[in-house]
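Engineer: need coordinates for the following:
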Amino acid sequence: MNERLIAPEKRGEDAEQTLRPQTLDDFVGQAAVRANLKVFIEAAKGRKEALDHVLFVGPPGLGKTTLAQIMARELGVNFRSTSGPVIAKAGDLAALLTNLEEGDVLF
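Structural biologist: Okay, here's the model as predicted:
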């Protein structure tokens, strides 16, 4: 959990953080996906290894980013996010990958 100073003004990230589910149990819908992810996460934690590759596919707004953030949180690792336009050159991807720590979730 992030610690921050409390301020009377609303901040843009406040709404997003309070609306996004924080655990797989909080996530509504996609019951089969959640069940599989629970097995994946528990198996990785039990082996004390990084989670194998997982691919989320679908149109915007279905919760792919939220599920990736939940996975990272439940695994106790960092969450890193990028997009295609950001990694235009091979060097961009190399820089991103070298800054990852073992077990980090890259979305």
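Engineer: now V86. Nearest residue, chain neighbours left out?
Structural biologist: Nearest residue to V86, sequence neighbours excluded (CB to CB, 6 or more residues apart in numbering): D92, at 6.7 Å. C-beta: built from backbone N, CA, C; applies to glycine.
Engineer: element containing that neighbour?
Structural biologist: helix 90-98 (DSSP states H and E).
Engineer: now do the helices in the chain.
Structural biologist: Assigned by DSSP state H, the helices in the chain fall at 12-19, 31-47, 64-75, 90-98.
Engineer: okay if I get those as JSON lines plus distance to V57, mean neighbour count and mean pLDDT?
Structural biologist: As requested, the helices of the chain are exported to JSON lines (distance: least, CB to CB, whole Å; neighbours: other CB atoms under 10 Å; pLDDT from 0 to 100):
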{"stretch": "helix 12-19", "distance to V57": "23", "mean neighbour count": "9", "mean pLDDT": "64"}
{"stretch": "helix 31-47", "distance to V57": "11", "mean neighbour count": "13", "mean pLDDT": "95"}
{"stretch": "helix 64-75", "distance to V57": "8", "mean neighbour count": "18", "mean pLDDT": "95"}
{"stretch": "helix 90-98", "distance to V57": "20", "mean neighbour count": "11", "mean pLDDT": "87"}
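Engineer: could you dump these to TSV with distance to H53?
Structural biologist: Formatted as TSV, the helices of the chain follow (distance: least, CB to CB, whole Å):
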stretch	distance to H53
helix 12-19	27
helix 31-47	10
helix 64-75	12
helix 90-98	14
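Engineer: do you know which of the ones you listed lies nearest D104?
Structural biologist: helix 64-75 (7.4 Å; CB to CB).
Engineer: report all helices and strands that that closest one contacts.
Structural biologist: Contacts defined by 3 or more CB pairs under 8 Å, 6 or more residues apart in numbering; DSSP states H and E place helix 64-75 against helix 31-47, strand 79-80, strand 105-106.
Engineer: perfect, I'm done here.
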